[in-house]
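[1] Give the three-dimensional model of this entry:
(4 chains)
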4 protein chains.
Amino acid sequence: MSEPVTDHRPGADGTPRKVCVVVTARPSYSRIKTALRAIADHPDLELQFVVAASALLDRYGKVFEEIRNDGFVPDAEVFMVLEGENPVSMAKTTGIGLMELSTVFANLRPDVVVTVADRYETIATAIAAAYMNIPLVHVQGGEITGSIDEKVRHAITKLADVHLVSTDQAAEYVRRMGERPDSIIVTGCPSVDLAAEVADDRARDFDPFTKYGGVGDLVLLDDGYIVVMQHPVTTEYEASRAHVEETLHAVADLGMPVLWFWPNVDAGADGTSKGIRAFREFDDASHMHFFKNMAPTDFLRLIANCACLVGNSSVGIRESAYLGVPVVNIGTRQHGRERGANVLDTEYDRSLIRAAIEKQLGHGTYAADHLYGDGLAGPRVAQAIAEMPLTVVKRLDYHGG
Amino acid sequence: MSEPVTDHRPGADGTPRKVCVVVTARPSYSRIKTALRAIADHPDLELQFVVAASALLDRYGKVFEEIRNDGFVPDAEVFMVLEGENPVSMAKTTGIGLMELSTVFANLRPDVVVTVADRYETIATAIAAAYMNIPLVHVQGGEITGSIDEKVRHAITKLADVHLVSTDQAAEYVRRMGERPDSIIVTGCPSVDLAAEVADDRARDFDPFTKYGGVGDLVLLDDGYIVVMQHPVTTEYEASRAHVEETLHAVADLGMPVLWFWPNVDAGADGTSKGIRAFREFDDASHMHFFKNMAPTDFLRLIANCACLVGNSSVGIRESAYLGVPVVNIGTRQHGRERGANVLDTEYDRSLIRAAIEKQLGHGTYAADHLYGDGLAGPRVAQAIAEMPLTVVKRLDYHGG
Amino acid sequence: MSEPVTDHRPGADGTPRKVCVVVTARPSYSRIKTALRAIADHPDLELQFVVAASALLDRYGKVFEEIRNDGFVPDAEVFMVLEGENPVSMAKTTGIGLMELSTVFANLRPDVVVTVADRYETIATAIAAAYMNIPLVHVQGGEITGSIDEKVRHAITKLADVHLVSTDQAAEYVRRMGERPDSIIVTGCPSVDLAAEVADDRARDFDPFTKYGGVGDLVLLDDGYIVVMQHPVTTEYEASRAHVEETLHAVADLGMPVLWFWPNVDAGADGTSKGIRAFREFDDASHMHFFKNMAPTDFLRLIANCACLVGNSSVGIRESAYLGVPVVNIGTRQHGRERGANVLDTEYDRSLIRAAIEKQLGHGTYAADHLYGDGLAGPRVAQAIAEMPLTVVKRLDYHGG
Amino acid sequence: MSEPVTDHRPGADGTPRKVCVVVTARPSYSRIKTALRAIADHPDLELQFVVAASALLDRYGKVFEEIRNDGFVPDAEVFMVLEGENPVSMAKTTGIGLMELSTVFANLRPDVVVTVADRYETIATAIAAAYMNIPLVHVQGGEITGSIDEKVRHAITKLADVHLVSTDQAAEYVRRMGERPDSIIVTGCPSVDLAAEVADDRARDFDPFTKYGGVGDLVLLDDGYIVVMQHPVTTEYEASRAHVEETLHAVADLGMPVLWFWPNVDAGADGTSKGIRAFREFDDASHMHFFKNMAPTDFLRLIANCACLVGNSSVGIRESAYLGVPVVNIGTRQHGRERGANVLDTEYDRSLIRAAIEKQLGHGTYAADHLYGDGLAGPRVAQAIAEMPLTVVKRLDYHGG
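    Numbering: from 1, shown residues only, chains lettered A, B, ... in the order given. I've put the predicted structure just below:
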């Protein structure tokens, strides 16, 4: 049957579409940055940029300076994180976000809202847009992982009007969930765009200790180093301290220089942080350095040159595929996500982690894999938003039952 | 692959599962009532009953007295409706609900949360349960309609762990959205259970004017009457007053006795209410009577004996199929939902509505249709909850991409 | 000791002070209207106008059209009323208001915030300003009444930096509460400014039924009529229906034409409204007409020409003193407030109310009394705000213990 | 005039009064602890204990274990701190608290609510109780300080029904603010009760490093040590990092052992914390040890034995008066508060701070001063609550204008 469509594509009247992108965390900013740039530069689009949740908080690595350095000026800042870092505060944080973001959308009056990926609080962006009858674009739907993100991601798919996905398989999955084929576009993942830039010239052109401070030893980076990035897994939040301790001991035992990045805000973040702090006080963290935030390009340059990336970050799955970096992926967080040959999975066990790292050190760099994109996702995202029909009415698209 | 499952089914220790059912509106109570009874009576289950949102508000037909008359004692009441009845207040209401319901779940500590159907504010129940790692049962997923409910219903499916659906087609659709076959059970719709009771003995055994008051004429019910129930449609909320005026004129012109039921709280409810109030002041509503709330059984008894049900309520689709009542369904609200032969669809146009009613009056009663259930859904819901695995970890269930 | 003062008075740089006035209800708008005009017209001030709470809600008499007709354009609208009309929803409404108004102040960045009178939700304005270090002006502090307003009013005094009061006694009371003498200015009440305009030419120059609609009989206004305005009293909220019934019967028995104005949103408003609705359905309201909202000047013109004003509105205390209108004041709501000779107090009892009205009808119009102002409060308020020091640090001002 | 009074004092029916005490921060717990004990032990009272805000947060020194060790079981926990630590998040935190605490009071149905002192978020407790018509007891009103607390404290006085104050001067000030004499009782400050216990036997009977961990050097405590406790001042929140640096340098230069306690959650807390962390990384903190939380008695034992207490904590004003401990009080936070001879005030300047400490070291211990209590405040608080009339109606109590 025919769908009601209200099409406000610019042309007749020449007004650019107002596109409101909501970023709620440091990694989401990296993930959407090239698309933000492409939207801002597109003649038919006007960028409205909202910075929210942990992206505003000092203790999770304030992404704010980096945003300013990149030339973006936020149209709104939304404080919404309720302290507690437990399941109740996650739910309440999302409720507060819903109250706050609906005010932001009422003020900015966007033609389109863009939400990124699958962090728990992003469902507030999706619901606010859906309930306010603003067409919703979801970037990075259709993927499969192993935590609360899995429920959030697919729920957002069902609230979204347009799906800009990273891989062919993701497109197929979104389609199978009953979304109309013409609402799904494979753009690749914008985070890989940055990796592509770095891959062309991998030279580390900055001193991370001078530029970003951080705490811990000033380790040598010339003879091989490990990067660690480990987030708490929400359905296992009480175990997060125990989990991080396994990784801490594994890399401590290896004796190689380690650059460690603090986790995002999440239920259990405090467990992870506490584990790290306790290790620094009472164990030997003598060849480790700990960073909070870093400009994505600098971060990727450190990844591109590292001997092995350890932890459970999606950077190990996406950007590292393009860069060919050896990855040891720990635990369930990336469970089910498509991955290249560069990823070796292991459990929360210090000896297994150490063995996996040693195996990757023995292998060395892998060939580049374009699984998550070819480096041109940002402009594709902008173009898709400029061309999409501005409709908010949809229906499960199955024929014949 | 194997899923992590924590199974707390009673037996070993004999503790009943605590099952928290959240009801947010008058029609949802009717829809889940036989299941509430079956849960309360099940030896392995303990009912926790939460009454929230418009179900607590006098001006939308307080369902509270009816609940008490049925012998239920709510474990919590949740005021969460932000006044305004516009898209922004819908979003904020949902945010407030999320903040409030997470407190309720933290206090009651249920083993299972049950959410009913697809009203916009019910996504707060689903998110609170999902983020607090409480297994979520969704009753009445997998159906297809034409409004914001469509997005809400399927998003809740993706947040839910177990799906108790009304029809085979709904089961198939939930399956196709990537839910595991063993998480989907066709119970039928509990609302049809009440219709089945009424169908066995249709005699109208009460005087609605004495028992429920309401306003308007005390019309005669013995020679045929029409029942109207028209809700605002949220994506068209500004038009709700115009829409209700078409129906008001259509039934006024017919001249038959009319029993009219006020709408639920929704964006636009004020438009609908205002249209009705203005009609009563300035037009001729001389053979109409207006009710707010009514016990579901009494309401169904009035439906079972009416000449035609007019409007856009799901009662016209579900219960009326079982009862064989002729229905004129107006506009897009029930769009896409499976329906029996008793339903005649029409547009928001007084002459078309009147013509459709006259056609149904000419036809008279239809044969019973078990499309939405055979009258035993309530006990099936309770049994399914008693037997389900208590897991909160799930993953999109597609094989081979 | 000397107080830290940051003085941004315009002059050097010529930037006008941004003055944010928050209005949360219909009567507050009337009460502050001439001050709004004077602020907007003042060369050293820039008006920021926030409309919030029940002032936005249709069912309490939308003040919005009137505001537009007066030429004001709100800078923000704040939906904050949680439905329920009970003590819990009053507290939560205030909490929501605090969350919402802090966003508004963060966006508008006012130099001064102005809050009016003592409705329960206005403490949200006061706290948001105080906690955000924005100098707070309180209009109409220092008065004495008999309900929750009493606690709210004086708590706001303790949060405010400058006090613009209506009477000399109010100034004295604010002083005795420990506020510095130079922070207290007797401006008179801006609501009396409108009464002064009307007093100069009392002719009723409009037909209220044509202009404002409303419901009920089209009564004759030429041979004397009564105006009723009765609000629920929050500490007695369950009794509000019983209270209003006494008044309804009193004026029904009298048999004179009655113009009745619906109450504001408050805990119990539903009781009052329900009492009125039930009376209209089941009793004889044949010589009564019911209005929701009316432009303040038109409203005052009806008051100025009425035979007696009945109820518990502050209009009976303030504007009616200037106008010399006979007033029957019922119950505790205005308890303790200074009043002129035109006010006769009585209890919630139909025979006492009727007797008091008859006594006032026998007396007729009173002499004008400038107790609450001389008609020039608005410009005085604006000038005071233009000249005040912009400080937020204060201390209880008592010497010697 | 006579006040409406509803008196539910136990006796006739023998039901104890339910007394709900809300504690929102670590220091408030210490301050009210002996009263909690006395309420729990009183035959006519039943304690309801609510732990809220930063008292629940790990990073501000979880008071939870201590509460459990003291034998109290909280009846509710309220997460309400919105991350951000800026003026907007302070206002929103208070709004969230109001929403949450009204739910708690609706569930617990206390006969009396008790709020302690003057932290910004405690106004949420006061408003929730006042709007829900629950008699409110304010402990520690009537004092004078120099920050946002000053506004909060006196606003709570105007919302409270009974005032249990620490000093005769506080009683006089509350009286002068218009509170009825019979609603004001001088109980002394319950925090001094603990000091009185410690004063009787000052021996340090535990090793703080073993018992409480913390970070930094394990300094010697036998030859004299300094204790530092410095909180951010909210109206100067951007300066909090600069302020703490002055103190850090002052005590570092002295070279004596230092026990430093982290600040509470407040706007600017992050500035203070960051200042301390940076000092530990980049400066010489070699003779300092940093603690988060400590049982009040242990904390007071360390104070009782220290050579000098430095910072801006009220412990320096209250408990230290009783203990005769020399205090260097920095900046405006305790401005205006009554103090004993043991307190030497100074500015945020490292050399002035150092000079003041040296002067106090030269003086040594002072005589005990009962200014803030004689050690029996807790039982007096309980008895006052058992005997107070349960009324919520009050009026400014001035006679003759």
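[2] Just the CA atoms of the longest helix along chain A, as PDB, please.
    As assigned by DSSP state H, the longest helix anywhere in chain A is helix A:87-108. In PDB, the C-alpha atoms belonging to helix A:87-108 read as follows (Å, rounded to 0.1, in the frame of the first residue of the first chain):
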ATOM      1  CA  PRO A  87      21.000  -0.400  36.400                       C
ATOM      2  CA  VAL A  88      18.500   2.000  38.200                       C
ATOM      3  CA  SER A  89      20.600   5.000  37.400                       C
ATOM      4  CA  MET A  90      20.900   3.900  33.800                       C
ATOM      5  CA  ALA A  91      17.100   3.800  33.400                       C
ATOM      6  CA  LYS A  92      16.700   7.100  35.100                       C
ATOM      7  CA  THR A  93      19.500   8.700  33.100                       C
ATOM      8  CA  THR A  94      17.600   7.700  30.000                       C
ATOM      9  CA  GLY A  95      14.400   9.200  31.400                       C
ATOM     10  CA  ILE A  96      16.100  12.400  32.200                       C
ATOM     11  CA  GLY A  97      17.600  12.400  28.700                       C
ATOM     12  CA  LEU A  98      14.100  12.000  27.200                       C
ATOM     13  CA  MET A  99      12.900  15.000  29.200                       C
ATOM     14  CA  GLU A 100      15.800  17.100  28.200                       C
ATOM     15  CA  LEU A 101      16.200  16.200  24.500                       C
ATOM     16  CA  SER A 102      12.500  16.800  23.800                       C
ATOM     17  CA  THR A 103      13.100  20.400  25.000                       C
ATOM     18  CA  VAL A 104      16.200  20.600  22.700                       C
ATOM     19  CA  PHE A 105      14.200  19.400  19.700                       C
ATOM     20  CA  ALA A 106      11.300  21.800  20.500                       C
ATOM     21  CA  ASN A 107      13.800  24.700  20.500                       C
ATOM     22  CA  LEU A 108      15.900  23.700  17.500                       C
END
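[3] So it, near chain C or not?
    Yes. Residues of helix A:87-108 contacting chain C under C-beta under 8 Å from any C-beta of the partner chain: A:96, A:99-100, A:103, A:107. Bear in mind the C-beta positions are built from the backbone N, C-alpha and C, glycine included.
[4] Which parts of the stretch 201-350 of chain A are helices?
    A:208-212, A:240-254, A:269-282, A:296-304, A:319-323, A:350-363 (DSSP state H, counting those that start in this stretch).
[5] quick one: which of the ones you listed is nearest chain C?
    helix A:269-282 (23.8 Å; C-beta to the nearest C-beta).
[6] Determine how far that closest one lies from the middle of the whole chain.
    With C-alpha atoms, centre = their mean, to the nearest Å as the basis, helix A:269-282 stands 23 Å off its chain's centre.
[7] which of the helices of the stretch 201-350 of chain A sits most buried?
    helix A:319-323 (a mean of 29; mean count of other C-beta atoms under 10 Å in any protein chain shown).
[8] mind saving the C-alpha coords of that one as PDB?
    Provided in PDB are the C-alpha atoms of helix A:319-323 (Å, rounded to 0.1, in the frame of the first residue of the first chain):
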ATOM      1  CA  GLU A 319      38.900   0.600  12.500                       C
ATOM      2  CA  SER A 320      41.400  -2.100  13.200                       C
ATOM      3  CA  ALA A 321      40.100  -4.200  10.300                       C
ATOM      4  CA  TYR A 322      40.900  -1.400   7.900                       C
ATOM      5  CA  LEU A 323      44.200  -0.700   9.600                       C
END
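[9] Now tell me what touches that helix from outside.
    The contact list for helix A:319-323 (C-beta atoms under 8 Å, 6 or more residues apart in numbering or on different chains) reads A:191-192, A:194-196, A:198-199, A:300, A:303-304, A:309, A:325, A:327, A:339-340, A:342-343, A:368-373, A:375.
[10] Can I have the buried ones of the residues you listed as a ChimeraX selection?
    Buried residues within the contacts of helix A:319-323, by 16 or more other C-beta atoms under 10 Å in any protein chain shown, are selected in ChimeraX with:
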select /A:191,192,194,195,196,198,199,300,303,304,309,325,327,339,340,342,343,369,371,372,373,375
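[11] How about the residues of the stretch 51-200 of chain A by chain C?
    Going by C-beta under 8 Å from any C-beta, the residues of the stretch 51-200 of chain A near chain C are A:96, A:99-100, A:103, A:107.
[12] Kindly recompute the last result at 10 Å.
    A:76-79, A:96, A:99-100, A:102-104, A:106-107 (C-beta under 10 Å from any C-beta of the partner chain).
[13] Report the secondary structure state of residue A:150.
    helix (DSSP: H, G, I helix; E, B strand; the rest coil).
[14] Likewise for residue A:22?
    Under three-state DSSP, residue A:22 comes out as strand.
[15] tally of neighbours for it?
    31 (other C-beta atoms under 10 Å in any protein chain shown).
[16] And the pLDDT at it?
    Among the per-residue scores, residue A:22 shows a pLDDT of 98.
[17] Is it bridged to anything, and to what?
    In this entry, residue A:22 is beta-bridged to residue A:50, residue A:115, by DSSP bridges.
[18] The lowest-mean-pLDDT helix or strand in chain A packs against which elements?
    The helix or strand of chain A with the poorest confidence is helix A:269-282; it has a mean of 82 (mean pLDDT, DSSP states H and E). Counting by 3 or more C-beta pairs under 10 Å, 6 or more residues apart in numbering or on different chains; DSSP states H and E, the packing neighbours recorded for helix A:269-282 are strand A:215-216, helix A:240-254, strand A:258-261, strand A:288-291, strand D:215-216.
[19] Could you point out which of those sits nearest residue B:394?
    Nearest of those to residue B:394, taken as C-beta to C-beta: helix A:240-254 at 21.0 Å.
[20] can I get the CA coordinates of the closest one in CSV?
    What follows is helix A:240-254, C-alpha atoms only, in CSV (Å, rounded to 0.1, in the frame of the first residue of the first chain):
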residue,chain,number,x,y,z
SER,A,240,33.6,-5.4,35.9
ARG,A,241,36.2,-4.9,38.6
ALA,A,242,37.2,-8.6,38.4
HIS,A,243,37.3,-8.4,34.6
VAL,A,244,39.6,-5.5,34.4
GLU,A,245,41.9,-7.0,36.9
GLU,A,246,42.5,-10.0,34.7
THR,A,247,43.6,-7.7,31.8
LEU,A,248,45.7,-5.6,34.1
HIS,A,249,47.6,-8.6,35.3
ALA,A,250,48.0,-10.0,31.8
VAL,A,251,49.6,-6.9,30.4
ALA,A,252,51.6,-6.3,33.6
ASP,A,253,53.1,-9.7,33.3
LEU,A,254,54.1,-9.2,29.7
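[21] pLDDT weak spots in the stretch 1-150 of chain A?
    A:1-13, A:59-62, A:146 (pLDDT under 70).
[22] Which positions in it make contact with chain D?
    Close to chain D, as judged by C-beta under 10 Å from any C-beta, the stretch 1-150 of chain A has residues A:53-54, A:56-60, A:77, A:79-86, A:88-89, A:92-93, A:95-96, A:99-100.
[23] cool, and the stretch 251-400 of chain A?
    Residues of the stretch 251-400 of chain A lying near chain D (C-beta under 10 Å from any C-beta): A:265, A:270-271, A:273-274, A:277-278, A:280-282.
[24] check contacts around residue A:245.
    Residue A:245 makes contacts with A:271-272, A:275-276, A:278-279, A:283, A:348, A:350, as judged by C-beta atoms under 10 Å, 6 or more residues apart in numbering or on different chains.
[25] Of these, which is the nearest to residue B:256?
    Out of the contacts of residue A:245, the member with the shortest distance to residue B:256 (by C-beta to C-beta) is residue A:271, at 67.6 Å.
[26] Tell me which residues touch residue A:190, please.
    Contacts of residue A:190 by C-beta under 10 Å, 6+ apart are A:30-38, A:116, A:139-140, A:164, A:166, A:318, A:372-373, A:375-382.
[27] try residue A:45
    A:10, A:16-19, A:38-39, A:111-112, A:382-383, A:385-386.
[28] what number of residues lie near the residue of the stretch 1-150 of chain A found nearest chain C?
    Residue nearest to chain C within the stretch 1-150 of chain A (C-beta to the nearest C-beta): residue A:103, separated by 5.7 Å. Close neighbours of residue A:103, defined as other C-beta under 10 Å, add up to 23.
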